[in-house]
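From the sequence below, what's the structure:
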Amino acid sequence: MNTAQNTKEQLVIACQALGLRGCGSVIGGHVSIRVPDERALWINAFDRTLEEVTIDDVLMIDFEGNVIEGNREVSIGHEFHSGIYSVREDVNSIVHTHGIWGTALAALARPLKIRANLACFFHNDQALSPDDSFASIGPVIGEANTVIIPWHGCITVGTTIGRAAALHVTFEDMARLDVLLEPTGAPEVPLEWRDQLKELVDTRAGFLEQTWELMCRQVSAQT
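As a prediction, this is how the structure comes out:
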């Protein structure tokens, strides 16, 4: 299998898996993968929900949004993908959705509160966009792997599509917990525990890699 075909298939799996996890039932989400050594990226077409995406819905575009391969409508918001790739050489994949819980948290216009061990993935690793314009997102991301767009949705990035997608569903789960607990005033994980817990779930447990494998299995079970 050639590299481009494999990349497109990975993007389709990520889109469909995000749909299965409740992040892709409306028009507007998008997943991208950087094209190595080029100012270009693979991204899903605009006119399909993430759960509907097939190989025919994947486009290659340059950083200016011009279509290199494919004949579909380019996703609105593609600009922040090129903006992030331009400032973060370590990022090879980007996920943006309007999952209900991530969007609910975005409606609070604040970062995720660290209210569970898996939320420690986002300790000192999330940025809040200053507004809803796509041009603001690239400059604001810094070294973070998650961006919350107030009253809109959220973005996760990763060195691989697996990490970006798995981080996204983890954020969605932790946003649900956070929003549900918010009226109770539940405490956050103590600051002195967070780095240790993050190292445990990420480096030692390989939670994101395991979650990506689970997402792939869930998509495979639907076919």
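
In the protein, what helix or strand scores lowest on average pLDDT?
In the chain, no helix or strand scores lower on mean pLDDT, DSSP states H and E than helix 137-140, which sits at a mean of 89.

list the buried ones in that helix?
137, 138, 140 (16 or more other CB atoms under 10 Å). Placement of C-beta: from N, CA and C, glycine included.

Stretch 176-184 too?
Here stretch 176-184 shows 176, 177, 178, 179 as buried, counting by 16+ other CB under 10 Å.

ok, these vs residue 125, which is closest?
Closest approach between those and residue 125, by CB to CB: residue 178, at 15.1 Å.

Check the secondary structure at that closest one for me.
helix (DSSP: H, G, I helix; E, B strand; the rest coil).

That one - nearest residue in space that isn't next to it in sequence?
In this structure, residue 178 finds its nearest non-sequential neighbour in residue 113, 5.1 Å apart by CB to CB, 6 or more residues apart in numbering.

I'd say the one you found and residue 119 touch.
Yes: in terms of CB atoms under 8 Å, residue 113 counts as a neighbour of residue 119; the distance is 7.4 Å.

what is in contact with the two at once?
residue 178 (CB atoms under 8 Å, 6 or more residues apart in numbering).

Look at the two and report which has more neighbours.
Set residue 113 next to residue 119 and count neighbours by other CB atoms under 10 Å: residue 119 wins out with 24 against 21.

Enumerate every residue touching residue 161.
Here residue 161 is in contact with 10, 11, 14, 31, 33, 92, 93 (criterion: CB under 8 Å, 6+ apart).

which residues does the residue lying closest to it once chain neighbours are set aside contact?
Distances taken as CB to CB, 6+ apart place residue 93 nearest to residue 161, at 4.0 Å, with adjacent residues excluded. Counting by CB under 8 Å, 6+ apart, residue 93 touches 14, 31-34, 157-161, 163-165.

Tell me the one of these nearest residue 71?
Using CB to CB, residue 32 is the member of these that lies nearest residue 71, at 18.0 Å.

Look at that closest one and give its secondary structure.
Going by three-state DSSP: residue 32 is strand.

I figured it hits residue 41, correct?
Yes: contact status for residue 32 versus residue 41: in contact at 4.6 Å, counting by CB under 8 Å.

For those two, indicate the residue with more neighbours.
Neighbour tally, residue 32 and residue 41, criterion other CB under 10 Å: the higher count belongs to residue 32, 30 against 24.

mind checking how far that one is from residue 93?
Distance of residue 32 to residue 93, given as CB to CB, to the nearest Å: 7 Å.

and what of residue 35?
On the measure of CB to CB, residue 35 and residue 93 end up 11 Å apart.

With residue 210 instead?
Distance from residue 210 to residue 93, by CB to CB: 18 Å.

residues shared between the contacts of residue 32 and residue 41?
residue 81.
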